[in-house]
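Engineer: Test case, fold it:
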Amino acid sequence: MPGSGSSPCAGCKLLRRRCAKECVFAPYFTSDEPQKFAYVHKIFGASNISKMLQDLPLHQRGDAVSSIVYEASARIRDPVYGCVGAISSLQQQVAQLQSQLAIAQAELLCLRMQDAARCSNVVSNGVSPPHTPESSDVNHCFKHAMTKTQPPVCSENLWT
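Structural biologist: Next up is the predicted model:
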């Protein structure tokens, strides 16, 4: 804790100063995560971060520090685009996945239409299709006609 004789916060340690009791960095940049403050200091500067934190109400400081650390880390990885580069990359991935999903849904619809056509041929003509593993009995066609053909809904969270 600051001022209690234990190790100074990561901010004061990096800046080589004594960690005061009212240190604005201490609650958010603990001594066990020095790299976190080092990134923030390198990108934004300790003075600027201190001013920003002091201008915010206490209940908003934790979220602000999380955002600042994220942006600083992104700027270290990608000095030109920062977190905008990461967001752009994720948006491209979403677009690719949406395209793949649309293709899969179209293929599924095509297969369902082929299956429905095969089943209607069996029912209307009374002609059994050639024996294949997929069309082994007429009951399959009646079962198919009695069920809904909506795609399954994925209730799984993909962002965990």
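Engineer: where does the protein have low pLDDT?
Structural biologist: By pLDDT under 70, the low-scoring segments of the chain are 1-6, 122-160.
Engineer: max-length helix in it?
Structural biologist: helix 83-125 (DSSP state H).
Engineer: For the protein, which segments are assigned as strands?
Structural biologist: In chain order, the chain shows no strands, with DSSP state E as the criterion.
Engineer: Can you show me the helices along it?
Structural biologist: When secondary structure is read from DSSP H, the chain shows helices at 10-15, 34-44, 46-55, 58-77, 83-125, 138-146.
Engineer: tell me the angle the longest helix of the chain makes with helix 58-77.
Structural biologist: With axes from the mean of the first three to the mean of the last three CA atoms, to 10 degrees as the criterion, the two stretches helix 83-125 and helix 58-77 enclose an angle of 90 degrees.
Engineer: Show me what helix 83-125 is packed up against.
Structural biologist: In this structure, helix 83-125 packs against helix 58-77, helix 138-146, with contacts taken as 3 or more CB pairs under 8 Å, 6 or more residues apart in numbering; DSSP states H and E. For every residue, glycine as well, the C-beta is placed using N, CA and C.
Engineer: CA atoms only for stretch 42-51, dumped as PDB, please.
Structural biologist: What follows is stretch 42-51 as a C-alpha-only set of coordinates in PDB (Å, rounded to 0.1, in the frame of the first residue of the first chain):
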ATOM      1  CA  LYS A  42       5.600   5.200 -22.900                       C
ATOM      2  CA  ILE A  43       2.500   6.000 -25.000                       C
ATOM      3  CA  PHE A  44       0.700   8.700 -23.000                       C
ATOM      4  CA  GLY A  45       3.200  10.000 -20.400                       C
ATOM      5  CA  ALA A  46       2.700   9.700 -16.600                       C
ATOM      6  CA  SER A  47       1.800  13.400 -16.200                       C
ATOM      7  CA  ASN A  48      -1.000  13.100 -18.800                       C
ATOM      8  CA  ILE A  49      -2.400  10.000 -17.200                       C
ATOM      9  CA  SER A  50      -2.200  11.600 -13.700                       C
ATOM     10  CA  LYS A  51      -4.200  14.600 -15.000                       C
END
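Engineer: list the buried ones in it?
Structural biologist: Residues of stretch 42-51 classed as buried by neighbour count (16 or more other CB atoms under 10 Å): Ile43, Ala46, Ile49.
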